[in-house]
Each structure stands twice: as structure tokens, then as C-alpha cells.
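Asker: my questions concern the predicted model and sequence given below.
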Amino acid sequence: MKNLFKMMLLGSITLSSAIEAQTIKGFNHLESVVADGRYFYVADIGKDLTPDAKDGDGKILKLDSKGNILESNFAKEILNAPKGLAIHKDILFLTDIDRVVAVDKKTGMTLYQIDFSNDAHFLNDIAVWDANTLYVSATDVSKLYKVNLLDKTYTEVVIDKPIAGINGLFCYKKASLLYVNGLGTNNKSNGVVGFINLKNNTFTQLTAAEGIYDGLFVANDVLYTSNWVAYEKKGILLSIQLSTRRINRLPLAEPIAGPADFIIEGNSFVVPAMISGELHFLPYTNSLTQKL
């Protein structure tokens, strides 16, 4: 499968020059980033790279539009290893091992929590469907959960095919699709990328290329995803043209050390590097949309 992956990349569209990165250093282990149009909020799992440890040293940082730290401990709740982040209006949602925490974006105070400890211990990404509904991935048990914010409950979304180590989520409400990827299993590069049709909960794989997939974002009919490749500084970004399913490796100036849950904000990819504790800003231009 790895040889197939290499052939697909060699046969895909290539860009003329490497993407130059601006990098902000000095964090611990960044897992995700989200923006509200004015500020960035970044999840840092703490001093040690122990994403399942209840050690109380996780935090959410608040940054300005240039990446300067405004608050180094924005969420007032004691956090262990915060991972996925999502914003809906004035609420910042985050996952923290076995719970979803809703934080008031104005004050940083906790509004409420939803306990998953009976079913999962490695909640990962969050996607907002609407004012009453979230989707949350549980990587440890390879399950997807639908969260009802009205009564603060959750139910499993039973998918027709397994998504090993399900991780990144991105809602596309227009077509009732939830784009997903997975880390894979047993520390192997066997994760997949695809989408779930929420009308019948069927999963469709977009490419045969497997990897250690993490972040996921869709823009201009292109799906972008991060692939760690290995648990060291070998991470890459890929794009998949949704209309043709053509795959491309974006030409980074150098590999990323654990490219985690990134976003596209304005003209930039904003990519947390979990292993190195860096936040990368990479130019996003129309040349990356793979228009044929």
C-alpha cells in the first residue's frame, strides 16, 4: 500500500515551488486550532506528549491574528489533554480525554460538560453541525458520536464500515456529509480518508492512499488532510479534488513534526505541529485548489 501511495503522489499534480512557512515556537504539544474571525484558540495537551494522561496541565491559548499570545490559559477549567476545538457563536467546545467541555468564549468560564467516561477515553475532534448538534470522534474505540446539546446526551453513529482510529471531522451540511479520516491502528500507516453519508450512515473511502491522518478541512471543492507518515518529523499535507478524487502532496519547504488538527483561515493554512510544539502558517492560494 505504501508503494501505491508513492505512485499516486508521483502521478498527481505538482506545484511549481515549495510553500514557505512562518512558524511560531515555544509551545508544548499543540493538537488543534480554531478561529472566530478575530482570534485563534489553540489546544496544548501539556508538557509531556501524553494525550491520554489526566495530569491537569493542558490548556487553551488565545492568540491574535498574527499569532501573538494574548492569554496563555484562556479556559479557566482545569484541563488534562485538550484536543479537538470547535466554535459556535459564543461557545468554544473542546474535547478533554473523556468529556466535552463547553466554554464561554467571552469569559473562558465553563458553561457545562458532557461525560463520555463510560464509553471512550480518547475523544479527539469536534465538528459543529448546527446549534443543537455536534459530532465527536473517539479515536481509542474507533467510534463516532452524535451529541445532542439540548439535553446534553450523545449516541453512537453506527457506520456500515469501520474507520480505524477515527480522528478528523468536517461537516458539509449541503450534502448531508461528514468528511472523516483516521489515525489507523497499531502505530501503522493504515488510516483512511473519506466521508459518511449521514442519511444512511454509509462510509465511502476517497482514496486508496493510507496514512496516519489527523487534521481535515474542505475548501473550494478540495479536501485537505494532514498525514503524520511516521511518529517523527515526517508529516505532510495532502489535497484531494472532490470532483475527480485526484490526490496531491503539497510541496512544503520541510516536513512537519506531527501535523495535527489544522484550519484554513483567510489566506493561510494554520497547522499545529504536535511533536515540536510549533504553529505553522502556510500560504493558501487558489493554485492549491487543483482547478483542471
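Answerer: Ah, there it is. Numbers count the residues shown, from 1 in each chain.
Asker: Leu183 contacts Glu210, correct?
Answerer: No: counting by C-beta atoms under 8 Å, Leu183 stays clear of Glu210, with 10.8 Å between them. Placement of C-beta: from N, CA and C, glycine included.
Asker: what ranges do the helices span in the protein?
Answerer: Per DSSP state H, the chain carries helices over the ranges 2-10.
Asker: and stretch 44-52, which residues are buried?
Answerer: Asp44, Ile45, Gly46, Pro51 (16 or more other C-beta atoms under 10 Å).
Asker: sorry, that was for stretch 59-76
Answerer: Lys59, Ile60, Leu61, Lys62, Leu63, Phe74, Ala75.
Asker: out of the residues you listed, which is nearest to Ile196?
Answerer: Ile60 (28.0 Å; C-beta to C-beta).
Asker: quick check: that closest one vs Ser226, distance?
Answerer: 20 Å (C-beta to C-beta, to the nearest Å).
Asker: same check, this time on Val128
Answerer: 20 Å.
Asker: out of Leu183 and Glu210, which sits in the more crowded spot?
Answerer: Leu183 (26 against 21; other C-beta atoms under 10 Å).
Asker: run through the bridge partners of Val180.
Answerer: Counting by DSSP bridges, Val180 forms beta bridges with Leu169, Gly194.
Asker: thought it was touching Asn197?
Answerer: No: the criterion here is C-beta under 8 Å, and Val180 misses it with Asn197 at 11.3 Å.
Asker: who's more crowded, these two?
Answerer: A count of neighbours by other C-beta under 10 Å puts Val180 above the other of Val180 and Asn197, at 27 against 15.
Asker: quick one, what contacts the more buried one?
Answerer: Val180 is in contact with 137, 144, 163, 166-170, 193-196, 203, 216, counting by C-beta atoms under 8 Å, 6 or more residues apart in numbering.
Asker: where do the strands sit along the stretch 51-200 of the chain?
Answerer: Using DSSP state E, counting those that start in this stretch, the strands of the stretch 51-200 of the chain run over 59-63, 69-71, 82-88, 91-96, 99-104, 110-115, 123-130, 133-138, 143-148, 153-157, 166-172, 177-182, 193-197.
Asker: can you get me a residue count around the closest residue in space to Glu265 that isn't next to it in sequence?
Answerer: Nearest residue to Glu265 in three dimensions, chain neighbours excluded: Ala35, at 4.6 Å (C-beta to C-beta, 6 or more residues apart in numbering). For Ala35, the neighbour count with other C-beta under 10 Å is 19.
Asker: bridged to Ala35, which residues?
Answerer: Beta bridges link Ala35 to Phe40, judged by DSSP bridges.
Asker: that one contacts Ile264, correct?
Answerer: No: with contacts counted by C-beta under 8 Å, Ala35 stays clear of Ile264, the gap being 9.5 Å.
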